[in-house]
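>>> Pasted the sequence and its predicted model underneath.
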Amino acid sequence: MNIELRQLRYFLAVAEEMHFGRAAAKLHMTQPPLSQAIQGLETHLGVSLFTRTTRSITLTAAGAALIPEAKKILLQAQALPQLVQRAASGESGHLSLAFISIADYSILPPYLRQFRKLHQDVRIELREATSDVQLDLLEKSEVDAGLLIPPIPKKLSDILAYQKVLSEPLILAVPEAFAKRKNAGSLHSYADLPLIIFPRKIAPALHDTILGCFRAEGLTPAIAQEAIQMQTIIGLVSAGMGIALVPQSVSNLIRPGVVYHALPNVAASVEIGIAWRKENTSPVLKSFLALLRN
């Protein structure tokens, strides 16, 4: 069936005027081609849209049913240019974004608020995942981008692009019962307490940086627990299971029984960045990356 938008416009004009001559004048055309277009539409649809007499025309039941649908189709067609232009500019569409739990306490909320303010018609799909899981998702093209802890493995360097977003210092999270020790901002003050840390597999850079802080102080911590979520690590500190070195933004996570201390003698930080497939040309992704750069 090859129905043209032109035929629908002609049909609505005739249905409004209920007269072929007046409809033709309204359309700035002669009556014969108008009549032929309506007949062609009726042939395509397999029904009569008008009952014709020598003096008048009336709509058939089929013609009356077509009016609202024809209007809807023409309105949709009229909106197409704006729709595709908004999609091409990244103002509408879909963004699937993975993120590590640390990002939820620092960069993710403010960036999402700003992005949604500028791109209200973009549907955002969020997925919390550790850095190693994100790399697998990106390799399989299951997400558009991921906020993770570098580095990007060499085997993925050809297909993934990376952009640094944030670097923040590490601070100490200690159980409240031990928080008032002398020199609270020194790792030596808590050398007798075990360490709670991420497994090296999921964040090797962060894991090595944390242990490097202890080595720099001449300490070798006893690892009590490993946990993959920042909420779990802080929860274990709250339970008195040990201490943890965490990014500064995690202090926004207020838990009873946990006290955060700055470490003025420890020059260590954690970096968070965004990774995406180099081949991904999504305008929505480009808009999000531009926001992060700015």
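Arrived safely, thanks for sending. Remember, it's a predicted structure, so these values are computed and weren't measured experimentally.
>>> lowest-pLDDT helix or strand in this structure?
helix 61-88 (a mean of 85; mean pLDDT, DSSP states H and E).
>>> which secondary structure elements does it contact?
Helix 61-88 is packed against helix 5-17, strand 92-99, with contacts defined by 3 or more C-beta pairs under 8 Å, 6 or more residues apart in numbering; DSSP states H and E. Yep, even glycine has a C-beta here, placed from its N, CA and C like the rest.
>>> for the protein, what spans make up the helices?
Along the chain, counting by DSSP state H, helices occupy 5-17, 20-26, 31-45, 61-88, 108-118, 131-139, 204-216, 230-238, 283-293.
>>> who's in contact with the shortest one?
It refers to helix 20-26. For helix 20-26, contacts defined as C-beta atoms under 8 Å, 6 or more residues apart in numbering pick out 10, 13-14, 16-17, 30-31, 34-35, 38, 57.
>>> can you pull the buried residues of it?
Within helix 20-26, the residues scored as buried using 16 or more other C-beta atoms under 10 Å are 20, 23-24.
>>> Which single one of the residues you listed is nearest to residue 165?
residue 23 (60.6 Å; C-beta to C-beta).
>>> sorry, back to before: now, of the contacts of helix 20-26, which are buried?
For the contacts of helix 20-26, buried by 16+ other C-beta under 10 Å: 10, 13-14, 17, 34-35, 38, 57.
>>> Make a markdown table out of the residues you listed and add distance to residue 182.
Listed next are the buried ones among the contacts of helix 20-26 as a markdown table, based on distance: C-beta to C-beta, whole Å:
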| residue | distance to residue 182 |
| --- | --- |
| 10 | 90 |
| 13 | 90 |
| 14 | 93 |
| 17 | 94 |
| 34 | 96 |
| 35 | 99 |
| 38 | 94 |
| 57 | 99 |
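>>> Just give the number of residues close to the nearest residue to residue 225 once chain neighbours are set aside.
Among residues not flanking residue 225 along the chain, residue 196 sits closest, at 4.9 Å (C-beta to C-beta, 6 or more residues apart in numbering). Residue 196: 25 surrounding residues under other C-beta atoms under 10 Å.
>>> Now do residue 196 against residue 226, distance only.
Per C-beta to C-beta, to the nearest Å, residue 196 is found 8 Å from residue 226.
>>> how near is residue 101 to residue 80?
Counting by C-beta to C-beta - residue 101 and residue 80 are separated by 41 Å.
>>> between the two, who's got more neighbours?
The residue with more neighbours, out of residue 101 and residue 80, is residue 101; 18 against 9, by other C-beta under 10 Å.
>>> residues contacting the more buried one?
Contacts of residue 101 by C-beta under 8 Å, 6+ apart are 128, 229-231.
>>> One more pass at 10 Å, please.
Contact partners of residue 101, counting by C-beta atoms under 10 Å, 6 or more residues apart in numbering, are 108, 128-130, 228-233, 250, 253.
>>> Please convert those to a markdown table, extending it with distance to residue 97, pLDDT and neighbour count.
What follows is these, written out as a markdown table (distance: C-beta to C-beta, whole Å; pLDDT from 0 to 100; neighbours: other C-beta atoms under 10 Å):
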| residue | distance to residue 97 | pLDDT | neighbour count |
| --- | --- | --- | --- |
| 108 | 9 | 93 | 20 |
| 128 | 10 | 94 | 15 |
| 129 | 10 | 94 | 20 |
| 130 | 15 | 93 | 20 |
| 228 | 19 | 88 | 17 |
| 229 | 18 | 88 | 15 |
| 230 | 18 | 89 | 22 |
| 231 | 19 | 91 | 14 |
| 232 | 22 | 93 | 14 |
| 233 | 23 | 95 | 25 |
| 250 | 20 | 92 | 25 |
| 253 | 21 | 86 | 19 |
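>>> What about the closest residue to residue 62 other than its chain neighbours, how many residues nearby?
Spatially, and ignoring its direct neighbours in sequence, residue 62 is nearest to residue 47 (4.2 Å; C-beta to C-beta, 6+ apart). Neighbourhood size, residue 47 [other C-beta under 10 Å]: 14.
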